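# Coordinates only, no sequence provided:
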């Protein structure tokens, strides 16, 4: 009988954490019986497409803890997992261990993007020190923060995000002529899209064929659209909304820019690199583990539109460098960030825990 892996998530949209789990589940479902448990969200479409078993659970809040526990207990009793693998919400480690104290619980840290992340790392370290059996960090940056917060080195493993190579291509849903700078992100403040828009405003008069394409949606979209109007660049900035399989459109971009204020190890950067699109990104979180500045991409400071503009202009005026960075980024992806690497390393963690149960 195949071991049973229960993936427990606090949300199920179509962002980095969910894509990570879905790719993992798709790759491991021949070796393990898989079940994803999460509140209803847009990511359920991807689960159905990949024929991954799914059980819906309510979203956990302070007001419904008992109901959440009741639902989770029922699912655990029915599925009888060999391992519970929690992603993105350390409080679920504690709850899972109280539901099934004999079942190994793994926690994957995908970074914390709150006003006081140091508190989250401390709480996560405390919970996993007492109730977690193993911790996976998607970047060395997150690993170091958890260790500094009190988690033992022996309990944590760094497994970088990995993605399948993007081989399919799709044309953008609207026709755009000229040079295209692209980005893809949830439109929240911490993604820093406003700084990319401000950077674009410094360049659009100088380079008449320059365009900016923004894929994604979120609470900041209206503010960002107003910003383009205030800067008189609304005719050259295109908001395409949330597109299914957004990575399939990246090959239309001449440059990909991710101006985030916080990141763990962003999958969109890997998706761009896997298509040889040169990347400019902020020097935050685990991004420097992907991009060797000036060699496999360009790093810029966060919240600095002038530096973003300088980096873009540098590539516009040096197409040979643009090509070199695209090729070097692709090589870096193939060496370190493939789906195969992530799956093999995660499977090693599973097998180690399962062996200890025997």
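Noted; the coordinates are in hand. Predicted model, so just to flag it, every value in this text is computed and none were measured.
# what sits up against stretch 195-202?
181, 183, 210, 212, 224, 227-228, 231, 233, 236-237, 257, 259, 302-306, 308-309, 312 (Cβ atoms under 8 Å, 6 or more residues apart in numbering). Heads up, the C-betas are built off the backbone N, CA and C, glycines and all.
# Repeat the analysis, applying 7 Å as the threshold.
With Cβ atoms under 7 Å, 6 or more residues apart in numbering as the test, stretch 195-202 has contacts from 181, 183, 212, 224, 227-228, 231, 233, 237, 257, 259, 303-306, 308-309, 312.
# from the residues you listed, which ones fall inside strands?
Taking DSSP state E, the ones among the contacts of stretch 195-202 that sit in strands are 181, 183, 212, 237, 257.
# what's the closest of the residues you listed to residue 69?
residue 183 (39.8 Å; Cβ to Cβ).
# residues touching that closest one, list them.
The contact partners of residue 183, taken as Cβ under 7 Å, 6+ apart, are 193, 196, 214, 256, 257, 258.
# what's the farthest-apart pair in the ones in strands among the contacts of stretch 195-202?
Across the ones in strands among the contacts of stretch 195-202, the longest distance by Cβ to Cβ is 12.7 Å; it joins 237 and 257.
# Of those two, give the one with the bigger neighbour count.
Neighbours were counted for residue 237 and for residue 257 using other Cβ atoms under 10 Å; residue 257 has more, 28 against 22.
# Could you provide the contacts of residue 183 in a markdown table, with additional columns for distance to residue 10 and pLDDT?
As requested, those are exported to a markdown table (distance: Cβ to Cβ, whole Å; pLDDT from 0 to 100):
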| residue | distance to residue 10 | pLDDT |
| --- | --- | --- |
| 193 | 24 | 98 |
| 196 | 28 | 98 |
| 214 | 26 | 98 |
| 256 | 28 | 98 |
| 257 | 29 | 98 |
| 258 | 24 | 98 |
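# and which of these is nearest residue 155?
residue 258 (30.5 Å).
# Report the secondary structure state of the closest residue in space to the closest one that isn't next to it in sequence.
Nearest residue to residue 258, sequence neighbours excluded (Cβ to Cβ, 6 or more residues apart in numbering): residue 281, at 4.3 Å. Following DSSP: H, G, I helix; E, B strand; the rest coil, we place residue 281 in the strand state.
# quick one: residue 281 and residue 260, what's the gap?
Using Cβ to Cβ, to the nearest Å, residue 281 is found at 7 Å from residue 260.
# So for those two, which sits in the more crowded spot?
Shown here are residue 281 and residue 260; by other Cβ under 10 Å, residue 281 has more neighbours (29 against 24).
# Tell me how many other residues surround residue 353.
Neighbourhood size, residue 353 [other Cβ under 10 Å]: 18.
# can you give me the strands for the stretch 201-350 of the chain?
For the stretch 201-350 of the chain, the strands defined by DSSP state E, counting those that start in this stretch occupy 210-215, 237-241, 255-258, 279-282, 298-300.
# Make a markdown table out of the ones you listed and add distance to residue 169.
What follows is the strands of the stretch 201-350 of the chain, written out as a markdown table (distance: least, Cβ to Cβ, whole Å):
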| stretch | distance to residue 169 |
| --- | --- |
| strand 210-215 | 15 |
| strand 237-241 | 16 |
| strand 255-258 | 15 |
| strand 279-282 | 18 |
| strand 298-300 | 24 |
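# ok, and which of these has the densest surroundings?
Among those, strand 279-282 has the highest mean neighbour count (mean count of other Cβ atoms under 10 Å), at a mean of 28.
# Relative to that one, what are the paired strands and their orientations?
strand 255-258 (parallel), strand 298-300 (parallel) (DSSP bridges).
# and of those, who's closest to residue 102?
With Cβ to Cβ as the criterion, residue 102 lies closest to strand 255-258 of the strands paired with strand 279-282, at 42.0 Å.
# Tell me which residues are up against that closest one.
The contact list for strand 255-258 (Cβ under 7 Å, 6+ apart) reads 181-183, 185, 196, 250, 266, 268-269, 272, 277-282, 308, 312, 315.
# Leaving out the residues flanking it, which one is nearest to residue 26?
residue 50 (4.9 Å).
# With residue 137 instead?
Leaving aside its chain neighbours, residue 137 sits nearest to residue 143 (3.9 Å; criterion: Cβ to Cβ, 6+ apart).
# Return the distance of the helix or strand of the chain with the lowest mean pLDDT from the chain's centre.
Every helix and strand of the chain was ranked by mean pLDDT, DSSP states H and E. The lowest is helix 44-49, at a mean of 84. Between the centre of helix 44-49 and the centre of its chain there are 18 Å (Cα atoms, centre = their mean, to the nearest Å).
# Which strands or helices does it pack on?
Contact partners of helix 44-49 among helices and strands, from 3 or more Cβ pairs under 7 Å, 6 or more residues apart in numbering; DSSP states H and E: none.
# Show me which residues of that helix are buried.
Neighbour-count burial for helix 44-49 flags 44, 46, 47 (criterion: 16 or more other Cβ atoms under 10 Å).
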